[in-house]
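Enquirer: Return atomic coordinates for the entry below.
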Amino acid sequence: MSPAPRFTDQSLKFLRSLKRHNTREWFTAHKDDYEAHVRAPMLAIIDRLAVDFSRVAPDLIASPRSMYRIYRDTRFSPDKTPYKTHVSASFSHQTLPKHESAGLYFHLGPDQLWIGGGLYAPETPQLQRIREHIVSNLRSFRTLAESPAMRRFGGVTGSRLKRMPRGFPAGHEAADYLRLKQYLAGEELDPALALSPRFYSTLVRRFTALAPLITFLNTPLIKAARFTL
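Expert: Numbers count the residues shown, from 1 in each chain. I've put the predicted structure just below:
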């Protein structure tokens, strides 16, 4: 098998330079560096994940479309810098729309490597289904969310409601989880790890640990999608 894919010193050098020179003129002049040192290694990592997901997360899809574009959407943002200063990819369920699915995710920036997953911006109906699923399967969810593997990520986190969501009693034993507006878990790592031969195996281990959470979160969403077909 070919060596495990990873980023290089040139990858971080490009991202750090882009952070300092975030202009269309600079990027155009250095686009070949982006293609060679950022986009190409990311696609190589995704290609290997497409193979390994058969055992790690068989319901998730890894394809070139998993990689996010480097271009920022500045239409509604006061920040008009045209480019993201990190490279990222997410891996969603193969039967759900990308942004309606819990999934795995990682990004590399000038100062941070982040590996994680979950459901980042669910709509109200999705949240309701997940909360009901937690209530109906509370023991298994607690076992999952409070496992040693999940504790290394700091548990299941996200922004929270100040009060319990409508339809759930204030004193519910799962209140901490039901008040969540997103369900996330992840770990910040030294970006230098992304340059190491250990990077890919670390990524796969973290994704393997997170996969049961992703499966749990997607279960009610898949059922709802099938019901509406």
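Enquirer: Once you drop chain neighbours, what's closest to Leu161?
Expert: Arg179 (4.6 Å; CB to CB, 6 or more residues apart in numbering). (C-beta placed from N, C-alpha, C; glycine too.)
Enquirer: isn't that neighbour right next to Gly158, touching?
Expert: No. Under the criterion of CB atoms under 8 Å, Arg179 makes no contact with Gly158, lying 9.5 Å away.
Enquirer: Any idea how many residues pack against Arg152?
Expert: 12 (other CB atoms under 10 Å).
Enquirer: Give me the pLDDT for it.
Expert: In this model, Arg152 is scored at 94, pLDDT.
Enquirer: Same question for Ala224.
Expert: 86.
Enquirer: just how off-centre is whichever strand or helix holds it within its chain?
Expert: If you go by DSSP states H and E, Ala224 is part of helix 199-228. The chain centre lies 10 Å from the centre of helix 199-228; the measure is CA atoms, centre = their mean, to the nearest Å.
Enquirer: what comes up buried for that helix?
Expert: Buried residues in helix 199-228, counted by 16 or more other CB atoms under 10 Å: 199-200, 202-204, 206-207, 209-218, 220-221, 225.
Enquirer: SS state for the most centrally placed residue in the chain?
Expert: In the chain, the centroid-proximal residue (CA atoms, centre = their mean) is Tyr105; its distance is 2.3 Å. Three-state call for Tyr105 (DSSP: H, G, I helix; E, B strand; the rest coil): strand.
Enquirer: Leu184 too?
Expert: strand.
Enquirer: Thanks a lot, see you next time.
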